[in-house]
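Peer 1: sequence unknown, structure follows:
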């Protein structure tokens, strides 16, 4: 079928809509559990009633599509799964869960984990080291999260930190096949505008970090352009006024991409 979905695509779309409808009717997030989730996460409770209703639906659909695994026999409770699902759904509130179709598994650890790394320097020498991780997203999944960090999201939002949103920002970044700080965008002109704006802001931030000048943004954002995108995304959703004040150009890019303005819900 030229210019539209194939017959297979139409059937798949119809099945997805039927499946989503069944999930929302038969497996909604219970009222008490949803209230508890909002109470524990002020950046979710800020939102309008319509945003919260849509977020609740997306979180329920997310839970139906993904598989949770607890590392080292960690039991993943309903409260844990819903907390993760609600935070994962926030960035795609107006974009849809399709950006997460490239993975299924979510591995939850009790605390941060040590990962073995290798790095080759400019002289060709390979260095091995261990890196402490609170989360990690890989192309095709799974997504790894430290529950200790996720659980503290209600407090850590005060300094713009949110490991769940950070890692799902990486998933969004990789949805077009590359982890390069540029999420899927509709055309070359939009991509060029994005890369120019984010690239310029990233270079300014790296200069700030090198000069040890103060910034509300986590210095980890200077690691790479994809980390800059993930760190600014988490700050955008949990500490929007801070990001808007320091990086108004980045805030504008993220607002246009995510089709949301979190600063509308925060008292100045």
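Peer 2: That came through, no problem. Since this is a predicted model, take the numbers as computed values, not measurements.
Peer 1: burial count for the nearest residue to residue 72 once chain neighbours are set aside?
Peer 2: Spatial nearest neighbour of residue 72, excluding adjacent residues (C-beta to C-beta, 6 or more residues apart in numbering): residue 110 at 6.8 Å. Bear in mind the C-beta positions are built from the backbone N, C-alpha and C, glycine included. Residue 110 has 13 neighbours, counted by other C-beta atoms under 10 Å.
Peer 1: cool, and residue 81?
Peer 2: With other C-beta under 10 Å as criterion, residue 81 counts 19.
Peer 1: which residues are in contact with the residue nearest to residue 72?
Peer 2: 71-72, 74, 146-148 (C-beta atoms under 8 Å, 6 or more residues apart in numbering).
Peer 1: in strands, which of the residues you listed fall?
Peer 2: When DSSP state E is applied, the contacts of residue 110 are split such that residue 146 fall in strands.
Peer 1: give me the number of residues near residue 64?
Peer 2: 16.
Peer 1: quick check, it in contact with residue 27.
Peer 2: Yes - Residue 64 is within contact range of residue 27, at 6.3 Å (criterion: C-beta atoms under 8 Å).
Peer 1: mind listing the helices for the stretch 1-150 of the chain?
Peer 2: 7-26, 31-40, 42-45, 49-65, 78-89, 147-151 (DSSP state H, counting those that start in this stretch).
Peer 1: what's the fifth one packed up against?
Peer 2: When contacts are defined as 3 or more C-beta pairs under 8 Å, 6 or more residues apart in numbering; DSSP states H and E, helix 78-89 packs onto helix 31-40, helix 49-65, strand 67-70, strand 105-109, helix 147-151, helix 163-173.
Peer 1: shaky segments in this protein?
Peer 2: For the chain, the stretches with pLDDT under 70 are 1-5, 8-15, 18, 21-22, 117-118, 121, 126-130, 267-268.
Peer 1: output the longest helix belonging to it.
Peer 2: Longest helix in the chain by number of residues, with DSSP state H as the criterion: helix 188-210.
Peer 1: okay if I get the helices of the stretch 1-150 of the chain as a markdown table plus distance to residue 195?
Peer 2: Formatted as a markdown table, the helices of the stretch 1-150 of the chain follow (distance: least, C-beta to C-beta, whole Å):
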| stretch | distance to residue 195 |
| --- | --- |
| helix 7-26 | 30 |
| helix 31-40 | 36 |
| helix 42-45 | 28 |
| helix 49-65 | 28 |
| helix 78-89 | 25 |
| helix 147-151 | 30 |
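Peer 1: for residue 240, which of those helices is the nearest?
Peer 2: Across the helices of the stretch 1-150 of the chain, residue 240 has its closest neighbour in helix 42-45 (8.6 Å, C-beta to C-beta).
Peer 1: now find how far off-centre the closest one is within its chain.
Peer 2: Computed by C-alpha atoms, centre = their mean, to the nearest Å, the chain-centroid distance of helix 42-45 equals 15 Å.
Peer 1: with stretch 26-41 instead?
Peer 2: 20 Å.
Peer 1: thought residue 82 was touching residue 29?
Peer 2: Yes - contact criterion C-beta under 8 Å: residue 82 and residue 29 qualify, at 5.8 Å.
Peer 1: quickly list what's touching both of these two.
Peer 2: The contact sets of residue 82 and residue 29 overlap at 37, 59, 63 (C-beta under 8 Å, 6+ apart).
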